[in-house]
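A.B. asks: Sharing a sequence plus its predicted fold:
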Amino acid sequence: MNCLFLSPVREGWGRAETWMLHLAVGLQARGDSCAILADPRSRWPGLCREEGLEFIPFSLRNGALLRNGLRLQAIFRERRTDAVIVRGFRGARWSRWAGPGVAVLLKLPALRDLTDRLADRLTFRYGADRVLVDSYAVRDHYRRFPWVPVGKICAVHPGIPVQGDFPDVARRRAARAKLALPEGSIAIGVAAPLRARSHVMDAVEIFTQAAPGPDCRLLIFGEGPMQTELKRRSIRQGLSDRVIFTGWRSDAAELMWGLDMYLHTSVEEGLPRAMLEAMAAGVCVLADRAGGASEILHDGVDGFLIPAGDLTAHAARLREVAADPALRARIGSAAALRIRSEFTLDAMVGRIQDVLEQTIATRRLLRRRVKSVRTSDGWHWIARPDFDLQKQGTVPIGARTESGSPARLETEPQTSFRAQRCRKLFRLAHRLALLDTETRPHLAAGWRRGVWGHREAVLITGSVAGAVSAEEWLAAHKNEWVERRRFLSRFAIWLGRRHATGIVPHGLQMSTLFVRETEGDLHFILGDVQQCTLRWKPTLREIASQMIDLLRSMERDLSRADLLRFATDYRRIRHLHRSVLRRLLVKMDRPDAIQGGSVASRFS
């Protein structure tokens, strides 16, 4: 793979930049080509020299938009870039404009980086192929937006470079010497940008309430606009000699070895890297039960979780742990073992490399100018990388795929658009995959000019493993009202998110929808994409027309209460008023089209 990392920072340094640096180093160590695009006035040039990474000067300046876009396009073309990893929506939009065939992965480090603005919607829909977040808590946080394709968001826990064994007395002694800590003192650390959203002020308040003793020190790693206010607060509390501001330290990970406890008070972070570094050094961590902290710590085993915002409980726990050296040692040892087994840098790079390879393969299939492969029998093919064309050979009428399901054949004499239609359906299925809509596997599309100039075309699809049609599922659970309700609720949410994303599967029936149950949850799969359309914003008339078709196909197996539950869950996910949905159904329904009255009358 040939990967680029686009960083917009000019001054300062944050968790996202550290994550990008370690990811680039890890991918390069695995044999991939990596380069950093960043402002030459930032810290990137020096760090790239130290780590052996290629640095390309580039800055997204507001005054030279066209020049920046053309230069970025030239960089992509010259390096034959496969994927670009960017931080921020602005970089994702420019990357998509400059490289339509390049896989764009967007890094979102914090919860507030996504809004309901039109620019964010456009970027999420067209700009980014995948969105990388640090924890499942952040991924679930973004689900409150119905237009966010959940499958686009990949939660990958960050890893850290772990060196040396635990315990290491020499490293601890060296770290405490650098921090100038007195012998026998208890060091409590906090590492975060000094701004309001990091809640570092809460750490000072917890330290004040706990009053752990004169031998305790609170060390604050970081810099930011709140540093002056924090110093004034510590002076007012009489803690000026016990609260130490170290500023930004490039060796913060090494200095963690000198701590005894670590406080994590931020409730808006995905998964803080500094907390992982403290745990790797065998430090006892006290964290709010919020964000990704609860995904790492097991309360009372390898750390302590305190209810978010409860400063009194935080202070009480800090006082208890500070007075018990054996407890700190036991918790710290368990934390160090867990980090070395699950949160290493190599594990993170491996997971992201898998995401990169899958995204690059799918993005390549969407390129209109992708070269087809011609076989000896005269067929031209575009196929998935895992589909073996050599075994396929000539595809006769009624052929079957390797999985045993019938191939969908498109053969019609003197039709010049059939080959284009096969390619269009093949690409549409993979475009839907990037938009978090699973379809029947589309393996290959082939075409050739047959006898007497007739054109033949074939679209080969595979079977859906472990899935049954929704019609069969409902029939099997006809007498189980709890399972039926669960199905309708999941299906309403699934359909509502498809419509909010701009996907309208026209002609959707229970016979063309497949259901797969995995770990107690239901996953829906489109069996037919021929009538599926992509819209920026589907009209309410389109949605109402599809709802009528769906309700007619479902009402044979479902009661009025079931249909009401489906409509209620759908309008909730779409934020529609009840009267709006009913008015649309009445407008689009035809009482003479179905025996027993109109569908809309079932909701009156």
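C.D. replies: Noted; the coordinates are in hand. The structure displayed is predicted, hence computed values, not measured ones. Numbers count the residues shown, from 1 in each chain.
A.B. asks: then whichever strand or helix holds residue 541 to CSV, C-alphas only?
C.D. replies: Secondary-structure assignment from DSSP states H and E places residue 541 in helix 540-554. Extracted C-alpha coordinates of helix 540-554, given in CSV (Å, rounded to 0.1, in the frame of the first residue of the first chain):
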residue,chain,number,x,y,z
LEU,A,540,-41.2,12.2,1.1
ARG,A,541,-43.3,11.1,-1.8
GLU,A,542,-40.6,8.4,-2.7
ILE,A,543,-40.5,7.3,0.9
ALA,A,544,-44.2,7.1,1.3
SER,A,545,-44.5,5.1,-1.9
GLN,A,546,-42.0,2.6,-0.7
MET,A,547,-43.6,2.4,2.7
ILE,A,548,-46.9,1.4,1.1
ASP,A,549,-45.3,-1.4,-0.8
LEU,A,550,-43.5,-2.7,2.3
LEU,A,551,-46.6,-2.6,4.5
ARG,A,552,-48.6,-4.4,1.8
SER,A,553,-46.0,-7.2,1.7
MET,A,554,-45.9,-7.5,5.5
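A.B. asks: Okay, buried residues for the helix or strand following it please.
C.D. replies: Remark: after helix 540-554, the chain's next helix or strand is helix 560-574, criterion DSSP H and E. For helix 560-574, burial by neighbour count (16 or more other CB atoms under 10 Å) applies to 562-563, 565-567, 569-571, 573-574. (Each C-beta comes from the backbone N, C-alpha and C, glycine too.)
A.B. asks: again with stretch 304-319
C.D. replies: Buried residues in stretch 304-319, counted by 16+ other CB under 10 Å: 304-306, 308, 311, 314-315, 317-319.
A.B. asks: pretty sure residue 374 is touching residue 382, no?
C.D. replies: No. Assessed by CB atoms under 8 Å, residue 374 is found out of contact with residue 382, at 11.0 Å.
A.B. asks: And the two? Which one has more around it.
C.D. replies: Here residue 374 and residue 382 are compared on neighbour count by other CB atoms under 10 Å; more neighbours surround residue 382, at 21 against 13.
A.B. asks: Check the secondary structure at that one for me.
C.D. replies: With DSSP: H, G, I helix; E, B strand; the rest coil as the basis, residue 382 sits in strand.
A.B. asks: Report the separation between it and residue 446.
C.D. replies: Relative to residue 446, residue 382 is positioned 8 Å away (criterion: CB to CB, to the nearest Å).
A.B. asks: what residue ranges in the stretch 101-250 of the chain score low on pLDDT?
C.D. replies: The stretch 101-250 of the chain contains residues with pLDDT under 70 at 110-114.
A.B. asks: Break down it into its strands, ranges please.
C.D. replies: Here the stretch 101-250 of the chain has its strands, by DSSP state E, counting those that start in this stretch, at 103-107, 130-133, 153-155, 186-191, 216-221, 243-247.
A.B. asks: Centre of the chain to stretch 34-52, how far?
C.D. replies: The chain centroid and the centroid of stretch 34-52 are separated by 26 Å under CA atoms, centre = their mean, to the nearest Å.
A.B. asks: do stretch 286-303 as well
C.D. replies: So, by CA atoms, centre = their mean, the centroid of stretch 286-303 is 21 Å from its chain's centroid.
A.B. asks: thinking again about what came up before, tell me the least confident of the buried residues of stretch 304-319?
C.D. replies: Minimum pLDDT for the buried residues of stretch 304-319 is recorded at residue 308 (82).
A.B. asks: how close does that one sit to residue 490?
C.D. replies: 29 Å.
A.B. asks: do residue 441 as well
C.D. replies: Taken as CB to CB, the span from residue 441 to residue 490 is 22 Å.
A.B. asks: Looking at these two, which has the bigger crowd around it?
C.D. replies: Counted by other CB under 10 Å, residue 441 and residue 490 do not tie: residue 441 has more neighbours, with 20 against 16.
A.B. asks: thought residue 1 was touching residue 32?
C.D. replies: Yes. If you go by CB under 8 Å, residue 1 and residue 32 touch, sitting 4.5 Å apart.
A.B. asks: Common neighbours of these two, please.
C.D. replies: Contact criterion CB atoms under 8 Å, 6 or more residues apart in numbering; residues shared by residue 1 and residue 32: residue 353.
A.B. asks: Show me what counts as buried in stretch 289-302.
C.D. replies: 289-294, 296-297, 302.
A.B. asks: From one end of that stretch to the other, what's the distance?
C.D. replies: 14 Å (CA to CA, to the nearest Å).
A.B. asks: For that stretch, give the mean pLDDT please.
C.D. replies: Stretch 289-302 comes out with an average pLDDT of 85.
A.B. asks: Need the contact partners of it.
C.D. replies: Residues from elsewhere that reach stretch 289-302 (CB under 8 Å, 6+ apart): 111, 134-138, 157, 264, 266-272, 275-276, 279, 285, 287, 303-308, 331, 334-335, 337-338, 343.
A.B. asks: make it 6 Å
C.D. replies: In this structure, residues lying in contact with stretch 289-302 by CB atoms under 6 Å, 6 or more residues apart in numbering are 134-135, 137, 264, 267, 269-271, 287, 303, 305, 307-308, 334-335, 338.
A.B. asks: And residue 494, which helix or strand is it part of?
C.D. replies: Per DSSP H and E, residue 494 falls inside helix 481-501.
A.B. asks: Just checking the distance from that helix to the centre of its chain.
C.D. replies: Centroid separation between helix 481-501 and its chain, computed with CA atoms, centre = their mean, is 22 Å.
A.B. asks: No more questions from me, cheers.
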